[in-house]
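Peer 1: what shape does this take:
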Amino acid sequence: MRKFAGIFCLFLFCSATLNAQLCQGSLGDPIVNITFGAGPNPGAPLKAATTAYQYTAADCPNDGFYSVRNNTIACFTNSWHTLARDHTGDAGGYFMLVNASYQPSAFYIDTVKGLCGGTTYEFAAWLMNVQSPGSCSPNPILPNLTFSIERTDGTVLQTYNTNDLPQPATADWKQFGFFFTTPNNVQDVVLRIFNNAQGGCGNDIALDDITFRPCGPQLRPTITGNVNSNVNLCEGSAGQFEFNCTVSAGFNNPSFQWQQRINGGSWTDIPGETTTTLIRNFPANTNTGNYNFRLTAAEQGNMGTPQCRVASGVLSVRVAAYPVINLQTNAPVCENDQLTLNASDGVQYAWTGPAGFQSTNPSLSFPLAQTAQSGQYNVTVTNDAGCASSGSIQAIVNPNPLATTGFDTTTICEGTSVQMSAQGGTTYEWSPATRLSSTSISNPFASPVNNITYQVIVANQFGCRDTAESIVRVTHKPTANAGEDKWIVQGTSAQLTGTATGENLSISWTPVLYMNNPSVLQPVITPPHDTTYVLKVTSNDGCGEATDTVKVFVYKDVFVPNTFTPNGDGVNDTWYIPALSAYPNFELAVYDRWGHLVFQAKKSNVHWDGKFKGQPLAMGVYVYILDLKEGGVLLKGTVLITR
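Peer 2: Below is the predicted model:
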């Protein structure tokens, strides 16, 4: 086995000094990749030889303890960051959570076996100071680590110090590492991680993803004729590509081997391809998928051992399937409805359609579609590999019917009907159904009792619809009420109290004698004798007429009966003065021979049954006093109760 040339070692050293001692050349696949595994909390303790710290299954280990976890949550009253996952974000991935001991010591030791002698390797690990900003103020103890690579006999091959790790503002992983070269006869080394800081408040870390990878000169691969490291080829198309790799100085006598990986599988050597140039043919029947290529290199004596190789970046040929367009539309739709068309499986779209329509959107939407937008729509869909498919689809926009009715507004009499009518479609739906003979024909009969608006939905053979309406106004039959009978004194007047219901009415009274206006509901009358008046109410819309009568009693004077016989025989059983109905403010009082009030009436003309407090009065003469309250007339007299 041979070492890299001295000029390469100088290159590595200078690059490492400027870049935290991580490899600046090409890396091989990880020979060692310590991820601490994955699973539910907590993870299993590390083997006894790995650490001298004590294991705890709980979160938030104390000084001198560690845990293996896939998260840690707000330890020590939020003085530690909450970590929701490990460095790589793997589901359930573990990391080592350490609360350093009070005395500086090595807290992680591992023997790495199977390295190649005379080979340069990069060691790297991901670290985090888990202390939140301001924790342990004002003098927090900051973690300070030293990585040491040693021979199994204790001889140190290389060391690296992280210096103090500041408290990060957020939970932030950082990678630390360096490179070293194994002696020719050394395949096993010891990794030792020292904690240099004192224990106490602070000095708390998380450790993850420890790797050892071969480090060598830079291998810069290219695809001839392409500026990118990947090319695309559409399914069914043949192609040939030339891959080249430029190798920087650093090998004494290098060997090369091209490798390929298909659809994310394992890397395999391509037999016979051992130069820095590779030509690959892709026949038209090549299966779709991702084809990756890289050049590996090592000193000639080490090429047979994968742990000794470094690898270039990856060159990719993607054999891509053509887009599956999956054209869809909601057509057929009705005029003024929304028409949509959709294509899929692409990154670029080119639509054409009726009347010169063009669009580059994956989805088309016409909110108020018109019949002129019916027709064939064509689309070409191109995916991210530049492969294109074309398709077409028919979109139909059906016309709406034009709904009309036989009238906008009509008037009917209460109790009659009118025939509705609608035109323009093949089916009809009327609403509301109130007093319609049918709701599903074009010409139902309507007989509403009040004003109403009927709406009809007209549909054509495509199921497209339009609406129209008709208003039916109802004229109600007239009613007449001539009012209550009237009592007046000859030579005086009274006002009739007629009322009527209905619309567009004519009013007339008969006879018209002694009446100031026979065409109003409440005329003033002055008849000289008893008269019966007739009120007639007529609908001017031809919806009938109604009549009612009122009697007017005319008194020439006030006649007061002087006797009555309240014996229950139905004849002259009460004392009643009819003319008092003409005097609305009268007062009447009746007294017995001793001057006791036995009957009284005011303003309301009533019949007296000859009783006082519900008991029949004795037969005899009683005195009455009647004050008419008009013209100072005061009448006095007697009335005889006899049985």
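Peer 1: now do the strands in the stretch 51-200 of the chain.
Peer 2: For the stretch 51-200 of the chain, the strands defined by DSSP state E, counting those that start in this stretch cover 54-55, 65-69, 95-99, 105-112, 120-129, 144-151, 156-164, 174-181, 189-195.
Peer 1: packing partners for the shortest one?
Peer 2: Put plainly, it is strand 54-55. Helices and strands in packing contact with strand 54-55 are listed as strand 65-69; criterion 3 or more CB pairs under 8 Å, 6 or more residues apart in numbering; DSSP states H and E. C-beta: built from backbone N, CA, C; applies to glycine.
Peer 1: okay, now the domains of this structure?
Peer 2: According to automatic domain parsing, the chain is divided into the following domains: 6-216, 219-320, 328-398, 404-472, 479-555, 563-641.
Peer 1: in a markdown table: those domains, plus mean neighbour count and mean pLDDT.
Peer 2: Converted to a markdown table, the domains of the chain look like this (neighbours: other CB atoms under 10 Å; pLDDT from 0 to 100):
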| stretch | mean neighbour count | mean pLDDT |
| --- | --- | --- |
| domain 6-216 | 18 | 88 |
| domain 219-320 | 17 | 94 |
| domain 328-398 | 16 | 97 |
| domain 404-472 | 16 | 97 |
| domain 479-555 | 16 | 95 |
| domain 563-641 | 14 | 91 |
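Peer 1: residue 429 against residue 456, yeah?
Peer 2: Yes - assessed by CB atoms under 8 Å, residue 429 is found in contact with residue 456 at 6.8 Å.
Peer 1: please state the offset of stretch 284-291 from the chain centre?
Peer 2: Between the centre of stretch 284-291 and the centre of its host chain there is 43 Å, according to CA atoms, centre = their mean, to the nearest Å.
Peer 1: skip ahead from the longest strand seen in the chain and say which helix or strand is next.
Peer 2: Longest strand in the chain, counting residues (DSSP state E): strand 204-216. Next along the chain after strand 204-216, taking DSSP states H and E as the criterion, comes strand 219-223.
Peer 1: please, where are all the helices along this protein?
Peer 2: In order along the chain, the chain carries the following helices (DSSP state H): 6-18, 75-78.
Peer 1: and residue 624, what is it in contact with?
Peer 2: When contacts are counted by CB atoms under 8 Å, 6 or more residues apart in numbering, residue 624 is found next to 560, 588-591, 635-639.
Peer 1: from these, which ones fall inside strands?
Peer 2: When DSSP E is applied, the contacts of residue 624 are split such that 588-591, 635-639 fall in strands.
Peer 1: would you mind measuring from the spatially closest residue to residue 485 that is not a sequence neighbour to residue 91?
Peer 2: Leaving aside its sequence neighbours, residue 485 sits nearest to residue 551 (CB to CB, 6 or more residues apart in numbering; 4.5 Å). For residue 551, the distance to residue 91 (CB to CB, to the nearest Å) stands at 104 Å.
Peer 1: try residue 498
Peer 2: For residue 498, the distance to residue 91 equals 94 Å [CB to CB].
Peer 1: just residue 110 next, same as before
Peer 2: Look at residue 110 and residue 91: by CB to CB, they are 25 Å apart.
Peer 1: what's the answer for residue 637, then?
Peer 2: Here the distance between residue 637 and residue 91 works out to 120 Å (CB to CB).
Peer 1: again with residue 526
Peer 2: From residue 526 across to residue 91, the span is 109 Å (CB to CB).
Peer 1: show me the contact partners of stretch 21-32.
Peer 2: When contacts are taken as CB under 8 Å, 6+ apart, the neighbours of stretch 21-32 outside the stretch itself are 8, 11-12, 15-16, 112, 114-115, 120-122, 124, 160, 175, 177-179, 210-219, 248, 250, 267, 296-297, 306-313.
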